[in-house]
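Visitor: return a 3D structure for these sequence lines:
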Amino acid sequence: MEHTMKGLVAIVALGAVALSATAARAAGDTCFQGFVWREASSVDRVCVTPQTRTEARADNAAALSRVNPNGGAFGRFTCLQGFVWREAFNGDTVCVTPETRAEAAADNAQAARRVHHPRRRLGTGAQACSEPGDLISANPEGIEDLLKKGKVTAGTAVPFQVAGLGLSVRAGVPKPDISTIEASEATLLNARSIGYSHGCSGTNAAKGIDELGLTERLKAKTVFADNGPVVEYLARGDFELGIQQTNIMVGAPGTEYVGQLPGFLNKPCVSTVALLPSSKGPEAARELIKFIGSPRAAPLLRKTLVEPANP
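Guide: Okay, the predicted model is just below:
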């Protein structure tokens, strides 16, 4: 149960959307340049390096040779000594080295940053709740709105993570100075274009810009990114500077993370998780909510570059 929870926490904390192989193809999703689908199974749509996909196929081919023929604590799924379950996706019991399992977890954590969704708008509010699932993660205001509409189960909402705001540029471009409020102000004024969303991170970025007194001066060169992560637009060259939550920006292909915004410009976003009324496993889902909202989840959340809401 502990291992299962850890895997689910990583998914919820990053706000990743798990798609089946058929759904991913139907949506037209593709990996960013340099990455390919891992395809550790027919339902595995995580973007990894070509080498990692080759290794996943090799591990699948060697799977039977790594299972303990005498059984054990997990019956016919018990691995030989020195091997552990890969857990690249739910139900993945292929036996691999601990290092390979750690790599799979790291790739899963980066999944949302490596895939391009050309025809799929990110679900929010009631739209997101139309998808089957057990839990939904959104900012507190979004969850409250869903609660009023009966789209989430009353009494289950728990804040679990706090993500600061960061700034990125395209890969290969010199990194600007944002070490101080004054330096950040100069960087914003000197930029040809700036991009952020209408979501929490963009709203908070706009508040900081307004406190600088730069709203009108930057208005003409501000671009809104609302059909996907800001870093996707940034990687394509749609604007020069991108502002978003740090946990979404770090490591995004085609971009370079500069750092967190300083002082009052760094207005963090809180994420809340709640139970969906359509959940097929409400008891387990409630236990997961309890776990990720507790101090026990803090080390796992920090690995995803966020701070726990309840340290």
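
Visitor: distance of residue 104 relative to residue 85?
Guide: 10 Å (CB to CB, to the nearest Å). (Glycine included, C-beta is placed from N, CA and C.)

Visitor: quick one: which of those two has more around it?
Guide: residue 104 (28 against 18; other CB atoms under 10 Å).

Visitor: so the more buried one sits in a helix?
Guide: Yes: per DSSP: H, G, I helix; E, B strand; the rest coil, residue 104 lies within a helix segment.

Visitor: for it, give me the pLDDT.
Guide: Model confidence at residue 104, given as pLDDT, is 90.

Visitor: can you give me the domain boundaries for the chain?
Guide: 18-116, 125-162+269-308, 165-265 (automatic domain parsing).

Visitor: hey, what's in contact with both of residue 104 and residue 85?
Guide: residue 96 (CB atoms under 8 Å, 6 or more residues apart in numbering).

Visitor: could you check how far the residue lying farthest from the centre of the chain is from residue 76?
Guide: What lies farthest from the middle of the chain is residue 70; by CA atoms, centre = their mean that is 39.5 Å. Distance of residue 70 to residue 76, given as CB to CB: 10 Å.

Visitor: and residue 83, how many neighbours?
Guide: 22.

Visitor: residue contacts, it?
Guide: 66, 95-97.

Visitor: what about the helices in the stretch 1-150 of the chain?
Guide: 2-14, 21-27, 50-61, 98-109, 111-114, 125-129, 140-148 (DSSP state H, counting those that start in this stretch).

Visitor: swap that for the stretch 151-300 of the chain, sorry
Guide: 181-190, 200-212, 215-218, 230-236, 246-249, 282-292, 298-303.

Visitor: quick one: the first one to helix 200-212, angle?
Guide: Between the direction of helix 181-190 and that of helix 200-212, the angle (axes from the mean of the first three to the mean of the last three CA atoms, to 10 degrees) works out to 100 degrees.

Visitor: buried residues in helix 181-190?
Guide: Buried residues in helix 181-190, counted by 16 or more other CB atoms under 10 Å: 181, 184-185, 187-188.

Visitor: the fourth one too?
Guide: When burial is assessed from 16+ other CB under 10 Å, helix 230-236 yields the following buried residues: 230-235.

Visitor: can you check the last one too?
Guide: Along helix 298-303, these residues count as buried under the neighbour rule (16+ other CB under 10 Å): 298, 300-301.

Visitor: centre of the chain to it, how far?
Guide: 13 Å (CA atoms, centre = their mean, to the nearest Å).

Visitor: report all helices and strands that it contacts.
Guide: helix 2-14, strand 307-308 (3 or more CB pairs under 8 Å, 6 or more residues apart in numbering; DSSP states H and E).

Visitor: quick one: which of the ones you listed has the weakest pLDDT on average?
Guide: Looking at those, the bottom one is helix 2-14 with a mean of 38.

Visitor: from the buried residues of helix 298-303, pick the one nearest residue 273.
Guide: Lowest distance from residue 273 to the buried residues of helix 298-303 (CB to CB) belongs to residue 301, with 11.5 Å.

Visitor: could you list the low-pLDDT ranges of the stretch 51-200 of the chain?
Guide: 116-132 (pLDDT under 70).

Visitor: which residues touch residue 49?
Guide: 34-36.

Visitor: among the residues you listed, who's most crowded?
Guide: residue 35 (22 neighbours).

Visitor: against residue 113, how distant is residue 34?
Guide: 12 Å.

Visitor: find residues that contact each of these two.
Guide: residue 253.

Visitor: save the buried residues of helix 181-190 as TSV, and put in distance to residue 260 too.
Guide: Shown next, in TSV, are those (distance: CB to CB, whole Å):
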residue	distance to residue 260
181	13
184	11
185	16
187	14
188	15
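
Visitor: closest to residue 163 out of the residues you listed?
Guide: Taking the buried residues of helix 181-190 together and measuring to residue 163 by CB to CB, the closest member is residue 184, at 18.4 Å.

Visitor: in space, what's closest to the closest one - neighbours in sequence excluded?
Guide: Nearest residue to residue 184, sequence neighbours excluded (CB to CB, 6 or more residues apart in numbering): residue 178, at 4.4 Å.

Visitor: could you do residue 190 as well?
Guide: residue 176 (7.6 Å).

Visitor: which ones are touching the one you found?
Guide: 167, 169, 187, 190-191, 241, 258.

Visitor: and with 10 Å instead?
Guide: Residues in contact with residue 176 (CB atoms under 10 Å, 6 or more residues apart in numbering) are 167, 169, 183-184, 186-188, 190-191, 240-241, 258-259.
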